[in-house]
Structures are given as C-alpha cells and as structure tokens.
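Enquirer: no sequence on this one, just coordinates:
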C-alpha cells in the first residue's frame, strides 16, 4: 500500500488498531450490536411447543443477493448462526439497502428493524428522526475499555448532533492495488512509500496504452477515495466544526479534483467512464481483466481479488 501524498502536503500514515470481536460474531457484526442492545437475553427454559418464532426481525443489508457475492454470503451465514443460538427470533434478510429505500419504507410504515449502513446513510436518517439513539444500550452493554477499542474518530462518525446512532462493524483500509506483471513488462518500479502524486502520474503515463484498451489506472473514484485525495492535499469536504457547511469550493478540493480530471481527459492515462464498455465493466473487473494497471480500493476487495 502506498500513501499518495500531494507535492504540498504528505498524507498522514494511520495504522488501524485491532479491536475485540465481541460484537462481530452475530449477523456479520453490523446487526449484532443493535440486537444485543435492543433485546435482553432470553431466559433459560425447556422446549417450547410453538412451531413459529415469537419475534421476527427484518434486516436489510447493502449487499446484493447473488451467487458469489462474499458480503451477502457472510451475512447469510451470520443470520443462520444467530438463529441457531436464538431459535425464537426469526431474521428476515433482505438485500440492496439504501437511504432512499429505508426512508421510503419508513414512510410506508414498513421500515426495517436493523440495517447495514454506510457513509451518508446515518446522518440523513438520524436527522429525519428515523433511527433509535443507542447511547443507553451502549452504556449498559459495553465496558469503557471495549468502547476504547474503536478509534475515536470512528466512533464519532456515528455521533449525530450529540447522540450515538451506530457502532462501526469493521475498519477498512484503502490501498493501491497494482499489476506486478504489467509493471515489470513496462520497466516501471513498484509503488513504494516515496510515491507522491507526481510519481503516481508518471507511472500511469508509462503504463498506459489507450490505443490497445489498457490504461495506467482507474480513477473514477467513489466519494471516500476522492475525499482521500482532498485530505492528501490539505483540504476537507465539509467544515470540521459544522458538517452542514460545504467546503467543496475551496482551493485544495478543486486542485484534487482537477488532478483526477486531468489524468482522464488531458492525457488519458486513467480510463474514462465512456471507455468502460457496454455493458459497463465494473472497477474490480477492469483490474482483474488487465484493462487497468492500478486501482484504489479498500481491504474489503482483497478476498474477491484473490478468488479471481
């Protein structure tokens, strides 16, 4: 993994610290904390005559229900494990959760009990008054040292207007994936800690063969990856003292976005959206099929990449 600092500002090097697995063993971790907080342990009892479970919980996740999807398979196994431990609780697992889907379900009186969330989901849903505040459950269920297992800013990410609405399921690290054979073929040195934006760009240019459908990198980045570039350049998306105040108009943000734009449109050393084929090839598949030499993505892609 390389830390791609801008010429002006070096990226901070963070190491994710390990944390206990106490809340990650039910429902792949995400729902485990919520279920443990919302429902007290069931009393010990003998066999019950009822054929149907007493409680049904609807759980929606962002993963797509399809064969080979590692995320969906993990959730399915987690649900099976949970119901084997608590047979009187039935969990209905659904896929493709989004903010829009959750808000629409709530408006129709059919909101899910538990959801797998990301990114802007929690602030939008919490401020719409749709989520339960978890502070009393966290205080009751977690010891202070267990709370400290999470990095402080990771906990604060789920704190909206002074209340806690979630706990991080896991900590992902974004890295630079690169094709070693392609680098060797072109005589380009592998990425290392000395790389900055200039060396990153130089490698893209040397690796690219747009005429042959091969590009140095994939830079059609999601919001978190674009934000990483902004942070590397000393900027922020929003005011740290007021997350309702945008800083997208500031110079560090504009410079970072321009750098990405130039790689795609000025020199085409990074693939453009219109060059991804029809139907459009996904980012991971572009890398796996040898169409891009470098690709920025999270640690969550390691397993799918190694499987392929």
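Expert: It's in. Bear in mind that the values here come from a model prediction, so they are computed numbers and not experimental data.
Enquirer: what is the mean pLDDT for the top helix by length along the chain?
Expert: Counting residues, the longest helix in the chain under DSSP state H turns out to be helix 70-85. Averaging the model's pLDDT scores along helix 70-85 yields 93.
Enquirer: Okay, buried residues for that helix please.
Expert: Going by neighbour count (16 or more other CB atoms under 10 Å), the buried part of helix 70-85 is 71, 72, 74, 75, 76, 78, 79, 82, 83. (Glycine included, C-beta is placed from N, CA and C.)
Enquirer: What residue, apart from its backbone neighbours, is nearest residue 66 spatially?
Expert: Sequence neighbours aside, residue 72 is the residue nearest to residue 66 in space, at 6.8 Å (criterion: CB to CB, 6 or more residues apart in numbering).
Enquirer: got the contact list for the one you found?
Expert: Contacts of residue 72 were listed using CB atoms under 8 Å, 6 or more residues apart in numbering, and they are 61, 63, 64, 65, 66, 95.
Enquirer: Just give the number of residues close to residue 287.
Expert: Residue 287 is surrounded by 23 other residues when neighbours are defined as other CB atoms under 10 Å.
Enquirer: looking at it, it is touching residue 305, isn't it?
Expert: Yes: here residue 287 reaches residue 305: they are 7.5 Å apart, a contact under CB atoms under 8 Å.
Enquirer: Can you pull the residues that touch both of those two?
Expert: Shared between the contact lists of residue 287 and residue 305 (criterion: CB under 8 Å, 6+ apart) are residues residue 177.
Enquirer: Dig out what the residue lying closest to residue 219 once chain neighbours are set aside forms beta bridges with.
Expert: In space, residue 219 comes closest to residue 270 once its chain neighbours are excluded; the distance is 4.1 Å by CB to CB, 6+ apart. In this structure, residue 270 bridges to residue 217 when assessed by DSSP bridges.
Enquirer: Residue 270 against residue 218, yeah?
Expert: Yes: Residue 270 sits in contact with residue 218 when judged by CB under 8 Å, with a separation of 6.6 Å.
Enquirer: Going by how many neighbours each has, rank those two and give me the top one.
Expert: Under the criterion of other CB under 10 Å, the comparison of residue 270 against residue 218 puts residue 270 first, with 26 against 23.
Enquirer: Quick check: that one vs residue 253, distance?
Expert: According to CB to CB, to the nearest Å, residue 270 and residue 253 sit 19 Å apart.
Enquirer: and what of residue 219?
Expert: Distance check for residue 219 against residue 253: by CB to CB, it reads 16 Å.
Enquirer: Look at those two and report which has more neighbours.
Expert: For residue 219 and residue 253, the more surrounded residue by other CB under 10 Å is residue 219, and the numbers stand at 25 against 21.
Enquirer: List the contacts of the more buried one.
Expert: With contacts defined as CB under 8 Å, 6+ apart, residue 219 is in contact with 260, 263, 264, 270, 271, 296.
Enquirer: of all these, which two lie farthest apart?
Expert: Greatest spatial distance among those (CB to CB): 264 and 296, at 13.9 Å.
Enquirer: Buried residues in stretch 138-148, which are they?
Expert: Within stretch 138-148, the residues that qualify as buried are 138, 142, counting by 16+ other CB under 10 Å.
Enquirer: Spell out, range by range, the helices that occur in the stretch 201-308 of the chain.
Expert: Chain-ordered helices for the stretch 201-308 of the chain, with DSSP state H, counting those that start in this stretch as the definition, fall at 223-232, 251-261, 283-288, 302-307.
Enquirer: Turn the ones you listed into CSV, columns for mean pLDDT and distance to residue 135.
Expert: CSV is the format used below for the helices of the stretch 201-308 of the chain (pLDDT from 0 to 100; distance: least, CB to CB, whole Å):
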stretch, mean pLDDT, distance to residue 135
helix 223-232, 88, 26
helix 251-261, 97, 33
helix 283-288, 93, 38
helix 302-307, 86, 34
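Enquirer: could I get those helices as JSON lines with distance to residue 87?
Expert: Conversion of the helices of the stretch 201-308 of the chain to JSON lines gives the following (distance: least, CB to CB, whole Å):
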{"stretch": "helix 223-232", "distance to residue 87": "39"}
{"stretch": "helix 251-261", "distance to residue 87": "51"}
{"stretch": "helix 283-288", "distance to residue 87": "38"}
{"stretch": "helix 302-307", "distance to residue 87": "30"}
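Enquirer: closest one to residue 112 among those?
Expert: Using CB to CB, the nearest of the helices of the stretch 201-308 of the chain to residue 112 is helix 223-232, at 23.7 Å.
Enquirer: which helices and strands sit right next to the closest one?
Expert: strand 174-178, helix 251-261, strand 292-298 (3 or more CB pairs under 8 Å, 6 or more residues apart in numbering; DSSP states H and E).
Enquirer: Identify the residues contacting the residue lying closest to residue 204 once chain neighbours are set aside.
Expert: Spatially, and ignoring its direct neighbours in sequence, residue 204 is nearest to residue 216 (3.1 Å; CB to CB, 6+ apart). In this structure, residue 216 makes contact with 203, 204, 205, 206, 207, 208, 269, 270, 292, 293, 294, judged by CB under 8 Å, 6+ apart.
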